[in-house]
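Q: The following comprises the amino acid sequence and a computationally predicted model.
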Amino acid sequence: MDLHVKVLDDGVVERAKARGLDVVVYAPHFTRWPTIARRAAAFSDEDLLVVPGREIFTGPWYDRRHVLALDLDEPIPDFVTLEGAMAELRRQAATVLAPHPTFLSVSLGREQLREYRPTIDAVEAYNPKHLPWHNRRAQSLASDLDLPAFASSYAHLPRTVGEVWTRFESEIRTAGDLVDALESGAQRRLFHRSGHRHRARKLLEFSHLGYENTWKKFDRIALSGMEATHPGHVAYGGRFDDVRVV
């Protein structure tokens, strides 16, 4: 299974099946949980299970920390404090994953991983956007903190789907099965493709960060108005006003 992808359409589903995937976790940016869940259900079939996920942007733009959540009962907005997000995730008994740890300025660092270790179910140990030393550091963190690891394509580009995968020894047929496997620390193995094509995919994904963190960021902040996942959005009914940072 590919435990974190940002894109989902018919082509992505076709590619995932061609690459032998049984499960993908779909967690797009700035999209509310009900929308993610509906899209995941619409693209699931007997051959591919699409599980909804929510990558929450905690903190302000200049110091944001990403947290990946599965099995939410209620939506959680972006741009709330890390403490506020983690408290809400604990309240909902959600499954919590740490994507791309210590990577640039968008990840949980060693301090946060240690502090929230009881809440975190797994740490990402391989990600194509990482440079080699980032992956080595992530693997070391998971080992040092005695946390289970996972790997994902973190695909922002459709052709990256299936470049990386996690294989569980237990059978995963439903989103509940996946949640149980992650929360129980079930046995798993991490895999990724190799060779020049994989290196090219990694380079393209890393390069995509430039677009995400320059023009796209400006568009989000200055041009697009209030995001659907902004804590001040009417959909959240003011529930997160005490922990919002923007």
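A: Perfect, thanks for sending it.
Q: Can you give me the end-to-end span of stretch 45-61?
A: End-to-end distance of stretch 45-61 (CA to CA, to the nearest Å): 37 Å.
Q: swap in stretch 40-60?
A: Start-to-end span of stretch 40-60 (CA to CA) is 28 Å.
Q: need the next SSE after the lengthiest strand in the chain, C-terminal direction.
A: As assigned by DSSP state E, the longest strand anywhere in the chain is strand 49-58. Moving toward the C-terminus from strand 49-58, the next helix or strand (DSSP states H and E) is strand 65-70.
Q: After that following strand, which helix or strand is next?
A: Toward the C-terminus from strand 65-70 - assigned by DSSP H and E - lies helix 82-91.
Q: Show me what that following helix is packed against.
A: Using 3 or more CB pairs under 8 Å, 6 or more residues apart in numbering; DSSP states H and E as the contact test, the elements touching helix 82-91 are strand 49-58, strand 65-70. Heads up, the C-betas are built off the backbone N, CA and C, glycines and all.
Q: Mind listing what's buried along that helix?
A: 82, 84, 85, 86, 88, 89 (16 or more other CB atoms under 10 Å).
Q: okay, the residues you listed in a markdown table with pLDDT next?
A: Output for the buried residues of helix 82-91, formatted as a markdown table (pLDDT from 0 to 100):
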| residue | pLDDT |
| --- | --- |
| 82 | 97 |
| 84 | 98 |
| 85 | 98 |
| 86 | 98 |
| 88 | 98 |
| 89 | 98 |
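Q: need these in a markdown table with distance to residue 194, can you?
A: Formatted as a markdown table, the buried residues of helix 82-91 follow (distance: CB to CB, whole Å):
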| residue | distance to residue 194 |
| --- | --- |
| 82 | 35 |
| 84 | 41 |
| 85 | 36 |
| 86 | 36 |
| 88 | 39 |
| 89 | 35 |
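Q: Could you name the helices and strands sitting against the longest strand of the chain?
A: strand 23-26, helix 33-43, strand 65-70, helix 82-91, helix 175-184.
Q: One more pass at 7 Å, please.
A: Judged by 3 or more CB pairs under 7 Å, 6 or more residues apart in numbering; DSSP states H and E, strand 49-58 is in contact with strand 23-26, helix 33-43, strand 65-70, helix 82-91.
Q: Which of the ones you listed sits closest to residue 143?
A: Closest to residue 143 of those is strand 65-70 (CB to CB; 19.8 Å).
Q: now the angle from that closest one to helix 33-43?
A: Following axes from the mean of the first three to the mean of the last three CA atoms, to 10 degrees, one obtains 50 degrees for the angle between strand 65-70 and helix 33-43.
Q: separation between the residue nearest the centre of the chain and residue 75?
A: Taking CA atoms, centre = their mean, the centroid of the chain lies closest to residue 68, which sits 4.2 Å from it. Residue 68 sits 15 Å away from residue 75, going by CB to CB, to the nearest Å.
Q: Equivalent analysis for residue 134, please.
A: Looking at residue 134 against residue 75, where the rule is CB to CB, the gap reads 30 Å.
Q: next one: residue 237
A: Using CB to CB, one gets 10 Å for the distance from residue 237 to residue 75.
Q: One more: residue 84?
A: Distance, residue 84 to residue 75, by CB to CB: 14 Å.
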